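J.: Any chance you can model this:
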Amino acid sequence: MDSITVSVIVPAYNASATIGKTIEALSRQNCFQPFEVIVVDDGSSDNTGEIVCSFLPGKDSREQLRVSVNTTLRGNDMGIKYVRQDNAGPASARNHGAELARGEFLAFTDSDCIPHEDWISQLMAGFDQNHVGVVCGSYGIANPEHCLARCVFKEILWRHTNLMPDFPNSFGSYNFCVKKSVFDAVGGFNSDYAQASGEDNDLSYKIRQSGWRIYFQRKALVDHHHPTGVFKYMKEQFRHGFWRVRMYIDHPRMMRGDGYTYWKDIIEMPIAVFFLGGLVLSAANGVSLGVVACSILFPLLLFEISCALIMSKGFFEGIFFGFVMAGRAFARMFGFSTGILSLWTKKRSKIFQ
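T.: Below you'll find the predicted structure:
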C-alpha cells in the first residue's frame, strides 16, 4: 500500500449491531487518498471483535487482528487494524487509535455511524480553507423508521442549518477530520471524560484556543443510528448534563454557547429548577401543586411543542417531541445538579484528607 494519508479511527464498545455496516461503508469510499481504518475495541463484552475479524483474512483468532493487514473490500485497497483495550471510555479509545495512526490526517467516526461514499473526500476538501486545522461534517439518519430517531435527527438538522456557521467553535466526535500535528499539539482527547459526553467539545475548544479554525463541511455526511427509546434518550441527556459541569469548569467562556447550542438550551435548565423549587415552596406553604404546575409547566410545554413543530414540520411528531424536549430539560437539569454535587463532594473530601 502507498503511504497513508488518512487514518480513520473508530472507537467501538459492544457495537456488534452496527460495526459491520460502518466497515462496509468505509470500504466503499470514493477516496483518492490512501487510507487505513483503525477499530479500537473499548473492552466490548459482545462479539464486536469477531465481526471486525470477518472482514479480514487470517481471521481465526482475535490476536491476528492486532496488526495491520491489507485487504480488498469491494474494490478498495484499505488497510485495517483492530486493537482491544480495557474499557476506559471513547476518549481513551480514540487516543489509542491516534497513537497507532500512520496518516497525517485523523478522521473520526463512531461505530453506529454509516459514512457516505464521499465522506473522506468531502472532509479532505475542507482543508483548502485558510488556516483550517479541523473539518467537521453533519448527520444523516440510519433508522428513519423510528419516530424518536426522526425527531432527534430533524432537530440536529435544524440546528446545523440555522445555527452552525461555516467556521464554528465546536464539532462532534462522530464526524470530523483533524491534522495529526494539531491533534498531537493539543494533547488529543481528555480521557478524564470517561463517558461519551463533553470530550469532543473539550477538544474543539483546545484547538480553537491554539489558533486553528474549524470548518463545517456540510456535505460530509454520516448516517447515524439515532436513539429510539425515550428512557434511554433521557439517560443520555442526564449524562450530557453531568459532564457539562466539568466542561464549563475547563472552558468557562463556552457557557455562552458554541454555535450548536443557543438561548433555548441556556434557559431550559433554570426553568426546570424554578418549577421544582415552586413545587417545594407550594407544598411547604399549602399552595395547590396544580396551580404551580399549570403556571410553570404548561407554558414550558407550549414553548417546547412550538419549537418541536418548527423543527419537525409534522404535527404529531411535533407534539410528541415537544413532550420529549420538556422531559429532556429536567433530565439535563438533574444531570447538571448531580455533576455539581459530585464535584463539590470530591473537593470537600480532598480538604479532609
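
J.: Look up phi and psi at Ala220.
T.: phi -90, psi 110 (degrees, to the nearest 10).

J.: If you could redo that for Ile114, that was the one I meant.
T.: Dihedral angles for Ile114 - degrees, to the nearest 10 - are phi -120, psi 100.

J.: burial of it, as a residue count?
T.: 21 (other C-beta atoms under 10 Å). C-beta: built from backbone N, CA, C; applies to glycine.

J.: quick one: buried residues of the longest helix seen in the chain?
T.: Criterion DSSP state H: the longest helix present in the chain is helix 315-351. Of all the residues in helix 315-351, those buried under the rule 16 or more other C-beta atoms under 10 Å are 317-318, 320-322, 324-337, 339.

J.: And for stretch 161-179?
T.: Buried, per 16+ other C-beta under 10 Å, within stretch 161-179: 164, 168-179.

J.: Quick one: end-to-end distance for it.
T.: 26 Å (C-alpha to C-alpha, to the nearest Å).

J.: what does stretch 252-269 give?
T.: Note: stretch 252-269 ends 17 Å apart using C-alpha to C-alpha.

J.: Other residues contacting it?
T.: Contacting residues not belonging to stretch 252-269 are listed as 159-160, 163-165, 168-170, 201, 204-205, 241, 247-248, 307, 328-329, 332-333, 336 [C-beta atoms under 8 Å, 6 or more residues apart in numbering].

J.: in the chain, which spans are helices?
T.: 19-27, 48-53, 90-100, 119-125, 147-162, 180-185, 199-209, 230-250, 263-285, 289-292, 298-312, 315-351.

J.: shouldn't Pro168 be in contact with Gln217?
T.: No: using C-beta atoms under 8 Å as the test, Pro168 is too far from Gln217 to be in contact (11.1 Å).

J.: Now for the two: what residues contact both?
T.: Contacts common to Pro168 and Gln217, judged by C-beta under 8 Å, 6+ apart, are Cys136.

J.: contacting residues around the nearest residue to Ala142 once chain neighbours are set aside?
T.: Spatial nearest neighbour of Ala142, chain neighbours left out: Asp223 (4.1 Å); criterion: C-beta to C-beta, 6 or more residues apart in numbering. By C-beta under 8 Å, 6+ apart, the contact set of Asp223 is 113-116, 139-142.

J.: Just send the helices of the chain back as a markdown table, with mean pLDDT and distance to Tyr82 too.
T.: A markdown table is the format used below for the helices of the chain (pLDDT from 0 to 100; distance: least, C-beta to C-beta, whole Å):
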| stretch | mean pLDDT | distance to Tyr82 |
| --- | --- | --- |
| helix 19-27 | 95 | 10 |
| helix 48-53 | 90 | 5 |
| helix 90-100 | 96 | 10 |
| helix 119-125 | 96 | 20 |
| helix 147-162 | 96 | 29 |
| helix 180-185 | 97 | 20 |
| helix 199-209 | 93 | 22 |
| helix 230-250 | 92 | 27 |
| helix 263-285 | 76 | 38 |
| helix 289-292 | 61 | 55 |
| helix 298-312 | 91 | 39 |
| helix 315-351 | 86 | 34 |
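
J.: will you turn those helices into a markdown table that also has distance to Asp42?
T.: Shown next, in a markdown table, are the helices of the chain (distance: least, C-beta to C-beta, whole Å):
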| stretch | distance to Asp42 |
| --- | --- |
| helix 19-27 | 12 |
| helix 48-53 | 9 |
| helix 90-100 | 4 |
| helix 119-125 | 22 |
| helix 147-162 | 24 |
| helix 180-185 | 19 |
| helix 199-209 | 13 |
| helix 230-250 | 16 |
| helix 263-285 | 29 |
| helix 289-292 | 45 |
| helix 298-312 | 33 |
| helix 315-351 | 22 |
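
J.: Out of those helices, flag the one nearest Thr5.
T.: Closest of these to Thr5 is helix 119-125, at 8.1 Å (criterion: C-beta to C-beta).

J.: From the contact counts, what lies against the closest one?
T.: Helix 119-125 sits against strand 6-12, strand 105-109, strand 132-141, strand 175-179, strand 213-224, with contacts defined as 3 or more C-beta pairs under 8 Å, 6 or more residues apart in numbering; DSSP states H and E.

J.: Tabulate those strands (JSON lines), appending distance to Lys313 and mean pLDDT.
T.: Shown next, in JSON lines, are those (distance: least, C-beta to C-beta, whole Å; pLDDT from 0 to 100):
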{"stretch": "strand 6-12", "distance to Lys313": "33", "mean pLDDT": "97"}
{"stretch": "strand 105-109", "distance to Lys313": "28", "mean pLDDT": "98"}
{"stretch": "strand 132-141", "distance to Lys313": "15", "mean pLDDT": "97"}
{"stretch": "strand 175-179", "distance to Lys313": "24", "mean pLDDT": "98"}
{"stretch": "strand 213-224", "distance to Lys313": "19", "mean pLDDT": "97"}
